[in-house]
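Asks: Sequence and predicted structure are below.
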Amino acid sequence: MQDNIKIFIAEKNFEGCGGLAMTDEIRVTIAAYACILLLNRRHDFYPRLQSILVYPDSYSVPTTRLGPGQMLIEGQEERAGESWHTGAVVLSWSHIQHRPGDPAAHNVVLHEFAHQLDQEDGSVNGAPLLPKSSMYATWARILGREYEALRMDADADRPTVLNKYGATAPAEFFAVVTECFFENPRQLRDRHPELYEELKRYYRQDPAPD
Ligand SMILES: [Zn+2]
């Protein structure tokens with residue numbers, strides 16, 4: 001794991017944005033979370049990823065959407081992180097550091113690096129490259145069913161173990177499930193045993209204590 005962190009830091013370009021001065025603490029913290037997702041798996045250190053851009057806090061991104069009468073409405077959106085398929089991950093350092101005491105709280109680094117894994121096969125659809133082709137059918141069946149269940153729970157406003165943001169798209173579902181698998185594994189295993197098994201097979205780890 002320590003070697004992985006060193007290699008990751010040596011291979012990737014870390015850049016401070018918005019006035020953030022890059023430090024070893026920031027590099028090591030991000031690299032450690034990124035490498036948790038690689039532990040025990042055959043991997044090549046997120047081969048498409050070149051740069052990690054870090055802002056001191058959330059940052060705003062200009063957005064456009066279609067309004068009434070096909071009018072383009074320009075706006076701003078605050079973000080704590082994003083993952084680009086063109087080789088970058090963007091993160092807010094304050095969101096990495098100051099996570100609320102709740103262990104199930106959003107882990108933006110695990111989330112964005114799960115998106116990087118999802119993007120390795122060129123499409124962002126909630127299905128990363130699986131080690132065996134025979135795994136895809138079960139993956140699609142179980143994650144598809146669980147995604148639909150989360151959407152229904154979100155619509156009905158029922159309490160869920162998984163963050164309801166995962167109900168917005170299959171890619172977000174995989175990122176949210178990854179966060180929960182590492183941050184809140186016991187609850188995930190108890191409430192969603194089949195989903196937990198799929199993640200366990202993919203990540204080759206069993207983070208839930210017995
Ligand atoms: Zn996301």
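Replies: Okay, I see it.

Asks: in this protein, which spans are strands?
Replies: Remark: strands assigned in the chain by DSSP state E are 13-16, 51-55, 59-66, 72-79, 81-84, 88-92.

Asks: Looking at these, spot the one closest to the ion.
Replies: strand 81-84 (6.9 Å; CB to the ion). Every residue, glycine included, has its C-beta placed from N, CA and C.

Asks: contact partners of that closest one?
Replies: Strand 81-84 is touched from outside by 61, 89-92, 95, 108-109, 111-113, 115-116, 119, with contacts defined as CB atoms under 8 Å, 6 or more residues apart in numbering.

Asks: Same check on stretch 171-180?
Replies: 37, 104, 106-107, 110-112, 114-115, 118, 124-128, 143, 146-147, 150, 161-163, 165-167, 187-188, 195, 199, 203.

Asks: Run a quick neighbour tally on the nearest residue to P131 once chain neighbours are set aside.
Replies: Of all residues not flanking P131 in the chain, R42 sits nearest, at 7.0 Å (CB to CB, 6 or more residues apart in numbering). Residues near R42, counting by other CB atoms under 10 Å, number 7.

Asks: And for R65?
Replies: For R65, using other CB under 10 Å, the count is 10.

Asks: swap in E172?
Replies: 22.

Asks: and this protein, what are its domains?
Replies: What automatic domain parsing lists as the domains of the chain is 1-99, 125-210.

Asks: So for the shortest one, mean pLDDT?
Replies: By that I understand domain 125-210. The average pLDDT within domain 125-210 is 95.

Asks: Pull the contacting residues for the residue positioned nearest the centre of the chain.
Replies: With distances taken as CA atoms, centre = their mean, H111 lies nearest the centre of the chain, 1.8 Å away. The contact partners of H111, taken as CB under 8 Å, 6+ apart, are 81, 175-176, 178-179.

Asks: ok, and of the residues you listed, which contact the ion?
Replies: A175 (CB under 5 Å from the ion).

Asks: now, which of the contacts of H111 sits nearest the ion?
Replies: Among these, and counting by CB to the ion, the member closest to the ion is A175, at 4.6 Å.

Asks: ends of stretch 40-58, how far apart?
Replies: 32 Å (CA to CA, to the nearest Å).

Asks: again with stretch 160-175
Replies: 16 Å.

Asks: buried sites along that stretch?
Replies: Under the neighbour-count criterion of 16 or more other CB atoms under 10 Å, stretch 160-175 has 160-167, 170-175 buried.

Asks: Get me the contact residues on the chain for the ion.
Replies: Residues of the chain lying near the ion (CB under 5 Å from the ion): 172, 175.

Asks: which residue lies farthest from the center of the chain?
Replies: The chain, CA atoms, centre = their mean, max distance from centroid: G69 (35.6 Å).

Asks: Per-residue pLDDT of that residue, please?
Replies: 85.

Asks: Would you quantify the distance from it to the ion?
Replies: 31 Å (CB to the ion, to the nearest Å).

Asks: Kindly report the same for A156.
Replies: Applying CB to the ion to A156 and the ion gives a distance of 23 Å.

Asks: residues near that residue, how many?
Replies: That count, for A156 with other CB under 10 Å as the rule, works out to 7.

Asks: What of L130?
Replies: 15.

Asks: now S51
Replies: 15.
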